[in-house]
Every structure is written in C-alpha cells, then in structure tokens.
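**Q** let's see this in three dimensions:
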Amino acid sequence: MGDVMQYKVVLLKKQFSQTVQLYPHIVESLYTNPNNQFDIQQLELLFEPLGDSKEKLLNLLHQREDYTYFHGIHQIINSITGDKMMIKMNEYDLDVKENDENHIIFDMMCSFSQNFYMIKA
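**A** Coordinates of the predicted model:
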C-alpha cells in the first residue's frame, strides 16, 4: 500500500472556471474553511454546494460491497489490496483520504461535471 494522500474536491461555478484555466492555483488560494462572513460570501460567490453531486456519489458508493459508513465518514476498503478511501462530505467540499497512486473519488466526481477541482491538502 502506498502513502495516503489527502485532498478536497470542490465544484467551481461555471463563470469562475475560465479564470481557473488561466490561473490554475487560484482555487487553493481562494478556498478556505469559512470562519467569518467574508469567507462564507467568498465560498458562495465562487463555489457551488455539492448537493446533487453528493447524492450521485452516494448512489455509486452504496452499490459497492466494500462500502461502510460510520459517524460521518464514508469508507471503502479494498479487500484485495487493503487500500482505504475515506470521505467526509461537507456542503461545499469533500474531504478525501486515499492511496496517493489513485484519485478514484475525484475521478468519479469529474464524471458528473467538468467544473470539479482538486485541492491537495
């Protein structure tokens, strides 16, 4: 098993996606955990809540035999390789921990929209 990588998956608003193509590292600079009213307004202006996309991801996860859920943590443990994926779902992001060789959850989310972006922790 490789090293564990932690990252966030966020959904950019369509009008912000062109800016990100020009300045790819701007997302890491602008995405923060909201601690005040300014941070909350910035999130609402630039990022979409994950509502429908979370539901689609949950539908895919629930179809897997190796999926479990406990106290807000969604987890998949590959019985062959022992690799773990842990996902915490928030309103504007997914906190993901998984093997650094894979980005399975990010790839799944990108199948729903091209406006998903990965922020490495």
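**Q** where along this structure do the helices fall?
**A** 14-22, 26-30, 37-46, 51-62, 104-110 (DSSP state H).
**Q** can you lay out those as a markdown table showing distance to residue 87 and mean pLDDT?
**A** (Glycine included, C-beta is placed from N, CA and C.) Listed next are those as a markdown table, based on distance: least, CB to CB, whole Å; pLDDT from 0 to 100:
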| stretch | distance to residue 87 | mean pLDDT |
| --- | --- | --- |
| helix 14-22 | 23 | 83 |
| helix 26-30 | 19 | 84 |
| helix 37-46 | 20 | 86 |
| helix 51-62 | 8 | 94 |
| helix 104-110 | 6 | 93 |
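**Q** now, of these, which is deepest in the fold?
**A** Mean neighbours per residue, mean count of other CB atoms under 10 Å, is largest over these for helix 104-110, with a mean of 17.
**Q** hang on, the earlier thing: residue 117 is nearest to which of the helices of the chain?
**A** Comparing the helices of the chain by their distance to residue 117 (CB to CB), the top pick is helix 26-30, with 5.1 Å.
**Q** using PDB, write out every CA atom in the closest one.
**A** Presented in PDB, the C-alpha positions along helix 26-30 are these (Å, rounded to 0.1, in the frame of the first residue of the first chain):
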ATOM      1  CA  ILE A  26      -6.000  30.300  -7.600                       C
ATOM      2  CA  VAL A  27      -8.500  27.800  -6.300                       C
ATOM      3  CA  GLU A  28      -6.200  26.800  -3.400                       C
ATOM      4  CA  SER A  29      -5.700  30.400  -2.600                       C
ATOM      5  CA  LEU A  30      -9.400  31.300  -2.600                       C
END
